[in-house]
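> Below: sequence and its predicted model.
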Amino acid sequence: MQKISLLAGLVALGVAVPFVQTPSELDHEGLKKMITGLGYEVKEEKLEDGGATFEFVEKPEDFTIPILAEISASKRYIWLTVFLGDPPKDVAKHTNLLKHNAETQPAFFFITKSNKLKFGLAIDNRGLTSEHLKRVIGLVVEGVTSTGADWGSSTSPLRNR
């Protein structure tokens, strides 16, 4: 009871009670602007639900990696994904990809409902900065390039010939 009286007295005196503001979330236009601000050329595709996906390309040595960025339906996450093709038929490669998840985390390999192999990373959509986005794009690129032997062959469309 004493704490309530003290708090009421402080408020009555006009003493500021600290207020913590939550960081803002990016909308689709904000995400696009942030990606283009990093120097990427963006290919935008509008979605039926009013959202959009943004594809941009990273070109590390020996690879051309199209990365897809989109805001989740809940607006809480930004997904970065790379389509790697069909899942390998060799079970040993599946096991290796699962082992790679421990090395590439928080990014990871997964197979979609339509049986496509992807590599992805979900980023918290609160207070995202360009510097942080650039860093996580680097994590995705490193994860894809360092594991190529297990998700694809030398004929993969992501490999430069």
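That came through fine.
> going forward, measure contacts and count neighbours with C-alpha atoms only.
Will do.
> Give me the phi and psi for Thr104.
With angles defined as degrees, to the nearest 10, Thr104 sits at phi -90, psi 0.
> Please apply the same query to Pro60.
Dihedral angles (degrees, to the nearest 10) for Pro60: phi -70, psi 170.
> Number of residues surrounding it?
Residues lying near Pro60 (other CA atoms under 10 Å) number 14.
> Okay, and the closest residue in space to it that isn't next to it in sequence sits in which element?
In space, and not counting its chain neighbours, Pro60 is closest to Val141: 7.8 Å by CA to CA, 6 or more residues apart in numbering. In the assignment (DSSP states H and E), Val141 maps to helix 130-146.
> does the residue nearest to Pro60 really touch Glu58, like I thought?
Yes - shown here, Val141 and Glu58 form a contact pair, counting by CA atoms under 8 Å, at 7.4 Å.
> These two: which is more packed in?
Higher neighbour count among Val141 and Glu58: Val141, with 21 against 15, using other CA under 10 Å.
> dump the residue contacts of that one.
Residues in contact with Val141, defined by CA atoms under 8 Å, 6 or more residues apart in numbering, are Glu58, Pro60, Ile65.
> Check Thr81 too.
Residues near Thr81 by CA under 8 Å, 6+ apart: Ile67, Leu68, Ala69, Lys118, Phe119, Gly120, Leu121.
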